[in-house]
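1. Need coordinates for the following:
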Amino acid sequence: MKAYQTNAMTTDYYDITIIGGGPVGMALALILRNSGISTLLLEARGLPKQAPDPRPLALAHGSRLILQRLGVWEKLPDTTPITTIHISNRGCFGRTILTTRDAAVPALGYVVNYHDLFRTMYETLQDYQADYLAGINVTHFEISDDRGQVQFHYGKEEKKVNTKLLVFADGGRLAERIEDISYSTHDYQQWAIVANIKAKTSQSGVAYERFTPSGPIALLPSEDGFSLVWTLTPLVAKEVLALDDAKFLTLLHSHFGDRLGEFTQAGKRSGFPLSLRYATPITSRRIALIGNAAQTLHPVAGQGLNLGLRDAWGLGSEILTSITDMNEIGTPIMLSKYRQRRQIDSNAGRIFTDSLVKLFSNNHALIRNTCGLGLSALDCLPPLKQFVARRMIFGARN
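-> Predicted coordinates:
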């Protein structure tokens, strides 16, 4: 079945219905392929098209292993390995350098373009004739002990689907309607500016995370340049987005420093607000949350999508185990196992990123100098560096 066909849905029943057809939702569908489990993905956006998109993704080596198993990784058009991460604190002594030796992996991570990943995963799904409906608007859902039901607009039609398990993999707005799931939110009062840039000095495989009082600046290696993620206060971010390229690059240089020399070229820029948002719990009756529906993190340390892919892997594994054990999908026992399986990793990822932002994004001299000393101490303790590196790459459960 192909998306955007009027006869795309020939039944009103699916074992699994996934609301949110982005990379995390598609990962779950690919995990379940060839299992005999019927799966429907519902995506509010249109189908992926070839279009410039400056959003970089830092995929950990653990995420690469997941995407390899799903048959996606080898099809990605451009992947730039990260072999070294240089972490520093602007205006303070101290730095840490993480390398592949610290984690015993061929690469700490890889930089890919969001649109490339989205399109490649969608095309892989189509190889398996997955039921993927794009451009839909979910209007209502309800849950009973033995099933869930979703009602949505698709083109000019209104459709209903019954399902054993309803999975939310979107931004979480729909999941706010679930009575026994609550969301905690913290507005960081920061925006992230993303763009592709070039510098006078080119360095292969080196990523930079530089903390400043207004937030971190990340420069990720991308082909012959860098993908920038620059965190600023909302007012300053809007002013920076309005600058011409020359002034933008000059200001970036003054914040980042001279390690790469002058910045020489900037691509399309975009900005978006940053917040921490997470659900408690991540399951309800016949419902499971994964990806951004379960948690939305600050982009520092690039943990968000990696955590979401591990959510999909964890839920997919529990679903397949239920089938193998001849148990029903979506039962309280199955959902409890998924919730327990993800609890440590999800909490650790959230606390790690939130702590980094709150510790390093401030003007308090004593705290900033203490953080700088902490970076130096980390650099001198190989066992601790290995622990931190492997946590970032594979999550709390490796």
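2. make it CA atoms for all contacts and neighbour counts henceforth
-> OK.
3. out of all of them, which strand in the chain is the longest?
-> strand 182-199 (DSSP state E).
4. Show me what counts as buried in it.
-> Neighbour-count burial for strand 182-199 flags Y183, Y188, Q190, W191, A192, I193, V194, A195, N196, I197, K198, A199 (criterion: 16 or more other C-alpha atoms under 10 Å).
5. That one pairs with which strands, and in what direction?
-> Its sheet considered, strand 182-199 pairs with strand 225-232 (antiparallel), strand 263-266 (antiparallel), strand 270-280 (antiparallel) by DSSP bridges.
6. quick one: average pLDDT of the longest one?
-> When the per-residue pLDDT values of strand 270-280 are averaged, the result is 95.
7. still on that earlier bit, adding pLDDT and distance to A377 as columns, could you present the buried residues of strand 182-199 in a markdown table?
-> Below are those laid out as a markdown table (pLDDT from 0 to 100; distance: C-alpha to C-alpha, whole Å):
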| residue | pLDDT | distance to A377 |
| --- | --- | --- |
| Y183 | 95 | 36 |
| Y188 | 95 | 28 |
| Q190 | 95 | 28 |
| W191 | 96 | 30 |
| A192 | 95 | 29 |
| I193 | 95 | 31 |
| V194 | 94 | 31 |
| A195 | 93 | 32 |
| N196 | 92 | 32 |
| I197 | 94 | 32 |
| K198 | 94 | 32 |
| A199 | 94 | 30 |
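8. Pick out whichever of those residues sits closest to R95.
-> Distances from R95 to the buried residues of strand 182-199, taken as C-alpha to C-alpha, are shortest for A199 (21.6 Å).
9. ok, what's across the strand from that closest one?
-> With DSSP bridges as the criterion, A199 is bridged to F263.
10. show me the contacts for it.
-> G225, F226, L260, G261, E262, F263, T264, Q265 (C-alpha atoms under 8 Å, 6 or more residues apart in numbering).
11. between the residues you listed, which is nearest Q149?
-> F226 (45.0 Å).
12. For that closest one, list each beta-bridge partner.
-> I197, P221.
13. Could you count how many residues lie near it?
-> Look at F226: counted by other C-alpha atoms under 10 Å, it has 25 neighbours.
14. got it, and L249?
-> What L249 shows, counting by other C-alpha under 10 Å, is a neighbour count of 21.
15. and the residue nearest to it when sequence neighbours are not counted, how far is that from L252?
-> Leaving aside its chain neighbours, L249 sits nearest to F263 (5.7 Å; criterion: C-alpha to C-alpha, 6 or more residues apart in numbering). As judged by C-alpha to C-alpha, to the nearest Å, F263 and L252 stand 8 Å apart.
16. again, but for L133
-> According to C-alpha to C-alpha, L133 and L252 sit 41 Å apart.
17. For those two, indicate the residue with more neighbours.
-> Using other C-alpha under 10 Å as the criterion, L133 and L252 rank with L133 on top: 23 against 17.
18. And that one, its phi and psi?
-> phi -110, psi 120 (degrees, to the nearest 10).
19. Confirm for me that it is in contact with T39.
-> No: at 11.3 Å, L133 does not count as touching T39 under the criterion of C-alpha atoms under 8 Å.
20. on that earlier part again, can you put the buried residues of strand 182-199 in JSON lines and add distance to Y14?
-> Formatted as JSON lines, these follow (distance: C-alpha to C-alpha, whole Å):
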{"residue": "Y183", "distance to Y14": "28"}
{"residue": "Y188", "distance to Y14": "39"}
{"residue": "Q190", "distance to Y14": "41"}
{"residue": "W191", "distance to Y14": "39"}
{"residue": "A192", "distance to Y14": "38"}
{"residue": "I193", "distance to Y14": "40"}
{"residue": "V194", "distance to Y14": "38"}
{"residue": "A195", "distance to Y14": "40"}
{"residue": "N196", "distance to Y14": "41"}
{"residue": "I197", "distance to Y14": "45"}
{"residue": "K198", "distance to Y14": "48"}
{"residue": "A199", "distance to Y14": "51"}
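21. Give me the neighbour count for F248.
-> F248 has 17 nearby residues by other C-alpha under 10 Å.
22. Please enumerate the strands of the stretch 251-398 of the chain.
-> For the stretch 251-398 of the chain, strands defined by DSSP state E, counting those that start in this stretch occupy the ranges 263-266, 270-280, 283-284, 287-289, 295-296.
23. Wasn't R119 part of a strand?
-> No: R119 is assigned helix when assessed by DSSP: H, G, I helix; E, B strand; the rest coil, not a strand.
24. ok, back up a step: how close does the residue nearest to L249 sit to S346?
-> As for F263, its distance to S346 is 37 Å (criterion: C-alpha to C-alpha).
25. And R177, by the same measure?
-> Using C-alpha to C-alpha, we find R177 at a distance of 22 Å from S346.
26. Likewise for L70?
-> Distance from L70 to S346, by C-alpha to C-alpha: 22 Å.
27. ok, back up a step: can you lay out the strands paired with strand 182-199 as TSV showing distance to R33?
-> What follows is the strands paired with strand 182-199, written out as TSV (distance: least, C-alpha to C-alpha, whole Å):
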stretch	distance to R33
strand 225-232	33
strand 263-266	41
strand 270-280	28
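28. Nearest to I143, out of these?
-> When the strands paired with strand 182-199 are compared by C-alpha to C-alpha, strand 270-280 sits nearest I143, at 18.1 Å.
29. chain center to that closest one: distance?
-> With C-alpha atoms, centre = their mean, to the nearest Å as the basis, strand 270-280 stands 11 Å off its chain's centre.
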